[in-house]
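> Output the structure for:
(one chain, ligands or ions: 1)
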Amino acid sequence: MDISAVNSMSYEEFISKFGNVVEHCSLCAAAVWREHPFNDVAQLSRHIAKFIDDLPLSGKEGILRLHPDLAGRIAQSGGLTKESTNEQKSAGLNDMTDDERMKMNRMNEQYKQKFGFPFVICARQNKKAAILEGLERRLNNSAEQEAITGANEVKKICDLRLRDIVDPTSSKL
Ligand SMILES: NC(=O)NC1=NC(=O)NC1=O
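Below you'll find the model as predicted:
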């Protein structure tokens, strides 16, 4: 799809198309509709990133709580969204050894116990080893640092999902 097709959508069509670029959080797309028409997908991505940045910590935490664990119960039961399924597969999380999976699950639980929201990282930019390393390292951060770090990862996931939908070379200008 090119950006002119995006700009000719009704807000209902826009929310239907872009409602999951931030996992289970169609509010992000619904909110940035007010900024249309968009020059290109990069500008649309920046508007969503700014909406997320401008949220209070409670809002950032809320967005993180809408994310499924990496290689968690939902993933194992096949209940992930199609986007998350592809992202987790691309990081190699669907061919983990039992030990790797147990370590990931144990650390995910430790992280959730400490922060009250799940560990979120852009799986398309990190393979299994980097994810485990990131989880171990970030466990030592403060809750505020992690709400911000996690939100920054959500912005990366969103940008990649947007580019899956809109041709990045198309421009209104
Ligand atoms: N907890 C997570 O980080 N989840 C995810 N990261 C992705 O890139 N896709 C997910 O589902």
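> contacts, neighbours, all on C-alpha from now
Will do.
> residues near residue 99, how many?
For residue 99, the neighbour count with other CA atoms under 10 Å is 9.
> Over in the chain, which residue gets nearest the ligand? Let me know.
For the chain and the ligand, the shortest gap (CA to the nearest ligand atom) falls at residue 120, measuring 3.3 Å.
> Enumerate the residues of this protein near the ligand.
The chain comes close to the ligand at residues 67-70, 84, 87-88, 119-124, 157, as judged by CA under 6 Å from any ligand atom.
> Restricted to helices, list the residues you listed.
84, 87, 88, 157 (DSSP state H).
> For the last one, the count of nearby residues, please.
Number of residues near residue 157 (other CA under 10 Å) recorded here: 23.
> again, but for residue 140
12.
> Let me have the ones in helices among the residues of the chain next to the ligand in a markdown table, extended by pLDDT.
Formatted as a markdown table, those follow (pLDDT from 0 to 100):
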| residue | pLDDT |
| --- | --- |
| 84 | 96 |
| 87 | 97 |
| 88 | 95 |
| 157 | 98 |
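> These: which two are farthest apart?
Every pair in these was compared (CA to CA); the two farthest apart turn out to be 88 and 157, at 11.4 Å.
> Quick check: neighbours shared by these two?
123, 124 (CA atoms under 8 Å, 6 or more residues apart in numbering).
> hey, which helix or strand in this structure has the poorest pLDDT?
In the chain, the helix or strand scored least confidently by mean pLDDT, DSSP states H and E is helix 73-76, which has a mean of 90.
> and stretch 106-117, how far from the chain's centre?
In terms of CA atoms, centre = their mean, to the nearest Å, the centre of stretch 106-117 is found 18 Å from the chain centre.
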